[in-house]
Each structure stands twice: as C-alpha cells, then as structure tokens.
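Colleague: my questions are about this predicted structure, shown below with the sequence.
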Amino acid sequence: MPSIEAQGDAQAPLSWSDARALAYTNDPKYLITSPNMDFVPSPFVGIVEVSMRADYRYGAFAPIWWTPLPDDFEYVEGSWITCLGLLRRQSTEALNSLVDELSRLVSLRDESDSSLSVLHTSMLHCRNRLRYFPCTFRDAVLQVHETQRYWLLIRAYLDYENYLDVSPTVVPSSPVRTDLMGAFTTDPGVVQLFFNSGIPVWFIRSDTSILADTIIRAIVPPTSPVNVCLERGPDGGLVLYKGLCGQRHILETMRFGHTYLDISRTPLLAPDVVGGYPPAVSQKDYKGTLAPATASRSRPVATTSRSQARFQPHGQAASRSNAGATSYLPYARPHPTQVRSVNKFQRFDHPWMPAQLDAWRIAMDNVDLSQPARPNSELWGYWIPEPALLLRPTTDDRRNRYIQSWLRLRPAWLYLLRLPGVAVTAVPTQWWRDVLYGSSATNHPDDASLRKTRRWEGIQKVFGSVFQASDFHGDRTGPVWWLGRRVPGVVPELCPGIMWEMMELGFHYELLALDRVLVPERNDPQRELKRADLLGRVFPAGHLYSLPQLPPPEGAGLCSRLPYRRVPYLEALRQVLSRWADCPASICHSSPISTTFTAEEIRLREVEMSSYYVNTFFAHSGRAPIVPYEYPVVP
C-alpha cells in the first residue's frame, strides 16, 4: 500500500469522511480515521483474552474509575464466617450521590422505555447490595464495578439521546465533547451521526476509501492504554473468555457468572431427596390439575371456590347455604399426619413470638388439613429456618444458644441465598438443630474444641463450596452485629424483633420461590430482573432479599398498623398474585386497592389475598408457609 500523507486545505472545514487524525492498523488494508479527534486509541481487534486482574478489573476492557481498597472494607462483627463485611459508608458516599442523582433523572422520563428501565433497576439493585448485603471483599469490589458500569451505560444512554442529531447533513453547531468516551465503528452512518452530534468517533475503514479530495490533517501513531494492571487476580488468572473481540468479550466483563447474579437463581426448590422437585409445568397444564378435591387426595390444591369460602371473618362459620355453594367447610380436626406433634399453621405460644396479623391469622386458621400429609420427601424445605425452632427448646441454655448461633450464622446464610447453584432448601431441620446448638454427634457438649469441630463439619456440608475452613471461627463470644445494633448476647427486649425479622425474611423468600414456580422465567434474565422489581414493591423501599433496618414503631409495609398505610403494599401483592394461573377473578380482575377504600374494605381484600396465598403455598409445598406477623416495638 502506498504511504498516505497529510493532504488537503489545512483551513478548510472537515466533513465526516475527512481525517483530523489518521492511524495505521496491523492490517495494511485498514486505517482508522477520526473527523473530530486529534488522536487514535488502539482498538481491540482479533483474538482477545478476558480475565480478572489483581486490581479486580478486567484489564483494558473495564472502563471503571474507582476500585475500593481493603481499608474501605469493614468486617461484620461477631459472625462465624469472618470474611464477610460491608464497605464503609463514607467510602461509597460519592458513588451513592452519583447513583441518586442519575436515578432522579431517569425517574423524570417515560417509564415505557424498557431498555432504560432494565439498566436503572439493575443499577439500584447493585447499589442496594453494596449498602445492605454483607459479602466478601471480592464481591464488594465487583458490586462497585457493576454499579459503575450500569451508571456509565445509563449516562451514555441519556447523553446519546440529548446530543444526537439525526440529520447527517447538519454541520456541528458546538465543539466536540472531549469528555465523552466515543466509539469505534465501521458504519459510515454512525460516523455521520456522531460527527454531527459532537461525539468522538473513530472510523475503521479500507485504505481505498481515502480519496484524492479527502482532507487528512495528521498521521499519528495509535495511542495504547496506560496504567493497566496485568497481574493475575484472586482467581489465579482464570480465563473467562478467549475469542474474537466484540460483544462477547464485553459481556464477559460484566457480572454474568463472576459473582452472585442480579437475580439469584436461589431458591432452587430442591428438597433433601434425590431428584428434587418435578419440573415446572405450563400454566395451561397447571390449570388442568385444579380438579375438585376428593377424600383420597393427599395433595391439597387451592381452588377458587375454596379460597372464597375462607374469606369469612375469624370465628364466623359459613352458613349451610354458603357451604352448599362452595362444597367446602374448614375442618376442626387436622389429620394426624398434618400435625406431626406441632401444628405449624398455628402461632407458637411464647412471649418472644410476635402477635399475628388478623388477616394472616384467619388465612392460617382456615386451611383444610383433613387430608393425609404428603411424604417428607415431597415437602419444601426452608430458605430461612422456621422461627419457632429457636423458641421450642425446653431449656434456656439451648434456646439461648440457638438464638446466638443464628445471629452469628445469619450474614453467611443470607449471603448463601444470593449464590446460584446452592441447594439451601435441602438442609434438614436436624442440621439446624445440630449447628445452632453446636454439639452434634458428641456426648461432650461442654468440650468447646470438640463442639467447634463438630459444628464446622456440619456447616461445611452446606458452606464448604463457598467458604474455607480458615474463614470459620465458631468460638466467638463477643457482641454480634444485627441490623445496625451490637447485640452482646440474648437480650430479651430484642428477641421479639429477631423472631419478626426471621418471619419477614421467610415470607420474602417463600413468595419469590412460589412465584418462580407459578410464573417460570428461568431462561430470561431480564424478566427475572423485572420479577424481583415487581415483588420488591410488596415490601418497603423495594427490599426483597434483605431488611436493611427495623421498621418504625407503627410498623411498615404489610405489617403497618394503620390499614391505609398497607394499601400500596397490598396492591403490589395483588398485582403479583394476579399473574398466577388459578388466581380468583375477585383478585385479578378487581379494581386496584386504594386509599379511598374504607378500613373494612381494605381488611376484606387483605383477608381474601392472604387466604389465597396461604392455600396456594400449602398446595405446592405441602407445609405451612411463613407469613407476615405484627411488628413488635424493639428498643
């Protein structure tokens, strides 16, 4: 190829096809020109490798401006798993301010823009994990990077719309925006659009496209990236992608597969048996299973007529005429196999157990337990341990050990729930008893060393694929961090709040699990993201996976003491339930729940939905659900 030199009138205005700067590539057939920039960055071409580096970035492929340092990380106090913590609030203040301001700008736009909505929701989810979810330092850094990446994508999206001039013939009316990243392209149309909009652009083109009248201001060498860390990262230099550069290598620098997912695929609905649960069925097939119950049926299924029969106020029996219309009456005597020494549909009587919410109490009291229970192998496991498990011990020592052990294990357990591929519901109740008490398989419960060993053996069965033995310190005796409080031991005034949080988290995860069964979207990450956003509206501030703090004394969300304050969360729950195949028309086709309703109207709608939810969960899981309880005032 003949050498190309600067040419053309140096004072003439440039067009999109001219070159303010021109650089050669490794392929002599191709050049890179820019009509509005005086340098040419080295493009990524050919075969590239993507791997995490020592600075937790992906080399030159990750345009991230800030990486936290280990000193920015504060470990959770009192946790058995010592590698978990949060970034110090002051270290993320600048990032939080940027996210809040950008979120405000997005909220002013048309909500029908689905692409922007997905990016916005993803950014907020990442930021919330940073704020409230204890994790490893590595995961915290990746969450910071992911938050910044979504911020950049949204900022670029908004700036692109603001500065893009769709007319390719208009001469730019403002100077080029040198603060923008710009882009490489092989498309002349993109060059025109970016040039006319003042956006930096570099045109990868054939050498034959340089004509005699093409203005070339300067021939420059390509500018290589600087200050790029190439040392191996914490995963030993694992190659995440090797292949042609392009969309694939860019996607590998995002979080798909590097840490817990935007929408975790846990809960997995895997019981403690070989084979797990049967696969999800289509809504059409599921509707075909909703036949009237018979005396020989062992798996209860909630039908519309049954659900409607339960909307009676507590203590008020259905009339005979109404019973004839629905062919159903609540049964006073549960089948012995449904009770199994404890009727979990009833509140466990203990001073530390919060009071029941009226609507949910009615729903739990009116479940048909007359049929034989399903085998243990078909019962769903628990994502959060059943709260009454901690209060059932007959001795204060065992009960106190359970509570303290749960608080110390809680950060690691909630972390585990966010990881894909971890069958947490396979954990049997006896595992919780052994681990929480710390003396399984030994006749020497007072031997601290042996108890620690046995406890780790139990924990390793569940946590071993995530944490190492060096991360476990089961002999901690100091205060433990819980929702912003330093809990020095079993504090009676705090215990009702601890039980309430367990029930609230249990309801969150069980609602998510049931929704995934009834509205399967496993192969569509964006729909899973929208699911989490939809379900998050049922809870204050959209927190589906965690509780960042305890509510105020008057309660919040579904446990608000005033009916009118429950309205937005009840309406959000109605929208969730309305997507389920067998949802009664009185719920899915009813008018939205509004603050214009009377308190009694709100209560009746609440009873209807809670009854439908409880019966539907029982029909699929074979066990009692964990439902919302009244918030006890915690000092």
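Modeller: Received the coordinates, thanks.
Colleague: use CA for all of it now, contacts and neighbours both
Modeller: Fine.
Colleague: which strands and helices lie in contact with the longest helix seen in the chain?
Modeller: The residue-count maximum for a helix in the chain (DSSP state H) belongs to helix 137-163. Under the contact criterion of 3 or more Cα pairs under 8 Å, 6 or more residues apart in numbering; DSSP states H and E, the helices and strands touching helix 137-163 comprise strand 85-87, helix 93-107, helix 114-132.
Colleague: now these in a markdown table, with mean neighbour count?
Modeller: As requested, the helices and strands packed on helix 137-163 are exported to a markdown table (neighbours: other Cα atoms under 10 Å):
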| stretch | mean neighbour count |
| --- | --- |
| strand 85-87 | 23 |
| helix 93-107 | 14 |
| helix 114-132 | 19 |
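Colleague: let's have these in TSV, adding mean pLDDT.
Modeller: TSV is the format used below for those (pLDDT from 0 to 100):
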stretch	mean pLDDT
strand 85-87	95
helix 93-107	95
helix 114-132	87
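Colleague: I'd like the ones you listed as TSV, with distance to Gln526 appended.
Modeller: As requested, the helices and strands packed on helix 137-163 are exported to TSV (distance: least, Cα to Cα, whole Å):
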stretch	distance to Gln526
strand 85-87	27
helix 93-107	18
helix 114-132	7
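Colleague: among the ones you listed, which comes closest to His543?
Modeller: In this view, the helices and strands packed on helix 137-163 are compared for proximity to His543 by Cα to Cα, and helix 114-132 is the closest at 8.4 Å.
Colleague: and that closest one with helix 93-107, angle?
Modeller: Between helix 114-132 and helix 93-107, the angle comes out at 150 degrees (axes from the mean of the first three to the mean of the last three Cα atoms, to 10 degrees).
Colleague: chain center to helix 114-132, what's the gap?
Modeller: The chain centroid and the centroid of helix 114-132 are separated by 9 Å, computed with Cα atoms, centre = their mean, to the nearest Å.
Colleague: other residues contacting that helix?
Modeller: Outside helix 114-132, the residues within contact range by Cα atoms under 8 Å, 6 or more residues apart in numbering are 86-87, 89, 96, 99, 103, 106, 111, 140, 143-144, 146-147, 150-151, 153-154, 157, 262, 526, 529-530, 533, 546-548.
Colleague: does Leu599 touch Pro563 like I think?
Modeller: Not Leu; residue 599 is Ala. Yes - applying Cα atoms under 8 Å, one finds Ala599 in contact with Pro563, separated by 6.0 Å.
Colleague: these two - which one has more neighbours?
Modeller: For Ala599 versus Pro563, neighbours defined as other Cα atoms under 10 Å are more numerous around Pro563 (19 against 12).
Colleague: pLDDT weak spots in the stretch 1-150 of the chain?
Modeller: Applying pLDDT under 70 to the stretch 1-150 of the chain flags residues 1-2, 111.
Colleague: ignore what I typed, I meant the stretch 501-635 of the chain.
Modeller: Scanning the stretch 501-635 of the chain for pLDDT under 70 picks out 522-523.
Colleague: try it again with 90
Modeller: Along the stretch 501-635 of the chain, the model assigns pLDDT under 90 to residues 520-533, 541-542, 545-546, 548, 633-635.
Colleague: show me where it has strands.
Modeller: Under the criterion DSSP state E, counting those that start in this stretch, the stretch 501-635 of the chain contains no strands.
Colleague: just the helices in it please.
Modeller: 525-536, 563-577, 585-588, 599-621 (DSSP state H, counting those that start in this stretch).
Colleague: what residues of the last one count as buried?
Modeller: If I follow you right, that is helix 599-621. 602-603, 605-621 (16 or more other Cα atoms under 10 Å).
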